[in-house]
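> My questions are about this predicted structure, shown below with the sequence.
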Amino acid sequence: MTETAPTYNKLETTSSPEAIAEPATIATSTIATPLDPNSTSTAPPNLASDIETLTKPSTAAVASEGTLALGPTSTSALLTSEDLKNDDNSKIMEIDMKDTKVIEPQNTLTRQFTEREWAALKDFRARLPEIFAEGFPDDPNASEKVITFWGVNIDPKSPAADARVSVVLMKFLRARNLDVHEARDMFMSTLRWRTSIDIDAVLKEEFPEDVFGNVGHIFGYDRGGRPVVYNIYGGDNLAEVFSDTNRFIRWRVALQEKTIALLDFTETDQTVQIHDYLGVSLTSRDAKSKAAASEATNIFQSHYPELLHKKFFVNVPTLMNWIFWLFKPVLPSATLAKMSVVGTGHHALGKALLPIIDTKELPKRYGGEAEGW
């Protein structure tokens with residue numbers, strides 16, 4: 001995919017997995033606080049805590065040559081390679097679970113679900129009517145209404161009809177280690193939060209370009225078709241960016257929602273984040289930027305799970321790099337696999353980013369050939 005995604009400068013708000021927190025949030029006091037290995041935030045109050053723990057998806061089990069086993073139990077029906085010919089990611093596949101046949105659409109992402117994930121998903125989907133009823137208490141018909149969530153229509157009466165719904169719901173399950181009750185609470189809380197912030201209004205809101213125009217950019221795709229988001233921490237107007245916490249949060253949520261709109265939840269369901277610390281000073285942190293970072297972190301941890309594929313910290317000052325290596329021994333391997341800390345200079349940046357992002361998709365300032373924004 002070589003088409004470049006547009007840069008969004010005027011943005012509206014509602015939610016995101018990678019928030020732009022203020023840059024210089026790594027204070028010496030941070031070193032004394034252990035990292036939360038379960039944090040899913042990308043809106044870090046400091047470099048070390050800007051981490052999302054991933055649950056690495058498993059691939060579908062190959063039963064035998066030319067067949068594919070799908071579904072949540074060992075009694076899953078087998079599909080031959082002939083069944084999968086000319087598949088357009090909407091082919092209906094048959095899953096036999098405990099003598100009950102369920103026919104539902106599958107796509108590239110749902111075929112990677114494990115048996116345990118399928119079992120948890122079926123339970124989770126069955127609870128959608130009650131989740132909707134509790135999530136929208138002012139609507140007596142909420143348990144039957146279709147809602148749009150991250151661009152996907154979710155019908156509580158027939159959630160299995162669209163494989164993308166399963167992909168979205170699986171993110172909440174994985175974020176809670178397949179605990180259906182906890183995933184239910186997380187999803188319901190997210191529905192309520194989206195209502196309270198009025199996501200639709202956030203996405204229509206215009207934000208001053210002279211304040212936010214160079215703070216965040218959606219530009220290009222990685223080699224797997226995932227949109228790439230650039231978070232710029234070293235701007236000259238960061239004091240103004242964080243001067244109004246509510247405005248910043250709404251802007252950052254809007255950026256995240258616009259990024260999610262580029263995901264199809266069929267082939268791609270995650271993003272790549274590049275956090276640029278060029279020009280960052282460890283003394284530029286103030287109370288307002290701390291408040292904005294703290295609130296953004298909470299939002300992204302709570303309402304945007306499992307949306308990060310890879311995160312790069314680039315142009316990182318030596319001290320920040322040192323802090324990362326200090327915490328490295330205590331970080332889960334899954335977290336480390338998603339994070340890369342890169343120094344400065346076109347050679348170092350290109351060496352780290354070009355294996356992930358094609359040179360025509362990567363801006364020149366980061367070692368690629370694209371003009372950028």
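Happy to help now that I have it. Numbering: from 1, shown residues only.
> Show me what the helix or strand encompassing Phe124 is packed against.
Assessed by DSSP states H and E, Phe124 sits inside helix 115-126. Applying 3 or more CB pairs under 8 Å, 6 or more residues apart in numbering; DSSP states H and E, we find helix 115-126 packed against strand 92-97, helix 163-175, helix 180-197. Backbone N, C-alpha and C define where each C-beta goes, glycine included.
> Can you tell me which of these is nearest to Pro105?
helix 163-175 (4.4 Å; CB to CB).
> What ranges does the stretch 251-373 of the chain have for its strands?
Here the stretch 251-373 of the chain has its strands, by DSSP state E, counting those that start in this stretch, at 271-276, 308-314, 339-341.
> Can you point out the buried residues in stretch 265-280?
265-266, 268-277, 280 (16 or more other CB atoms under 10 Å).
> Now the phi/psi pair for the most centrally placed residue in the chain, please.
Per CA atoms, centre = their mean, the C-alpha nearest to the average position across the chain is that of Leu307, at 1.8 Å. Dihedral angles of Leu307 (phi, psi; degrees, to the nearest 10) stand at phi -110, psi 0.
> Mean pLDDT added to the helices and strands packed on helix 115-126, as a markdown table?
As requested, the helices and strands packed on helix 115-126 are exported to a markdown table (pLDDT from 0 to 100):
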| stretch | mean pLDDT |
| --- | --- |
| strand 92-97 | 48 |
| helix 163-175 | 98 |
| helix 180-197 | 98 |
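> for these, which one ends up most surrounded?
helix 163-175 (a mean of 24; mean count of other CB atoms under 10 Å).
> Make JSON lines out of the strands of the stretch 251-373 of the chain and add distance to Gly225.
Output for those, formatted as JSON lines (distance: least, CB to CB, whole Å):
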{"stretch": "strand 271-276", "distance to Gly225": "10"}
{"stretch": "strand 308-314", "distance to Gly225": "10"}
{"stretch": "strand 339-341", "distance to Gly225": "20"}
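> and of the ones you listed, who's closest to Lys288?
The nearest among the strands of the stretch 251-373 of the chain, by CB to CB, is strand 271-276 at 19.8 Å.
> tell me the contacts of Val211?
Asn237, Glu240, Val241 (CB atoms under 8 Å, 6 or more residues apart in numbering).
> wait, which of the residues you listed is closest to Val167?
Val241 (33.2 Å).
> so what's the closest one scoring on pLDDT?
On pLDDT, Val241 comes in at 92.
> I'd guessed Ala261 sits against Gly151; true?
Yes - Ala261 lies in contact with Gly151 (CB atoms under 8 Å); the separation is 5.5 Å.
> Can you list phi and psi of Leu362 for me?
Dihedral angles for Leu362 - degrees, to the nearest 10 - are phi -100, psi 130.
> which residues touch it?
Going by CB under 8 Å, 6+ apart, the list of residues near Leu362 reads Gly220, Gly350, Leu353, Leu354, Gly368, Glu369, Ala370.
> coming back round to it: compare the helices and strands packed on helix 115-126 and give me the one nearest Gln112.
helix 163-175 (9.5 Å).
> So which elements touch the closest one?
helix 115-126, strand 152-154, helix 180-197.
> Rebuild those as CSV, extending it with distance to Val342.
Formatted as CSV, those follow (distance: least, CB to CB, whole Å):
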stretch, distance to Val342
helix 115-126, 33
strand 152-154, 34
helix 180-197, 32
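> Quick one: closest of these to Ala142.
Per CB to CB, nearest to Ala142 of these: helix 180-197, 9.4 Å.
> Now do that closest one against helix 163-175: the angle between them, please.
On the basis of axes from the mean of the first three to the mean of the last three CA atoms, to 10 degrees, helix 180-197 is oriented at 110 degrees to helix 163-175.
> how many degrees apart are helix 180-197 and helix 115-126 in direction?
50 degrees.
> Packing partners of whichever helix or strand comes after helix 180-197?
Next helix or strand after helix 180-197 toward the C-terminus (DSSP H and E): helix 199-204. Judged by 3+ CB pairs under 8 Å, 6+ apart, the packing partners of helix 199-204 are helix 245-260.
> Neighbours of the spatially closest residue to Asn153 that is not a sequence neighbour, how many?
In this structure, Asn153 finds its nearest non-sequential neighbour in Val146, 5.4 Å apart by CB to CB, 6 or more residues apart in numbering. Neighbour count of Val146, defined by other CB atoms under 10 Å: 11.
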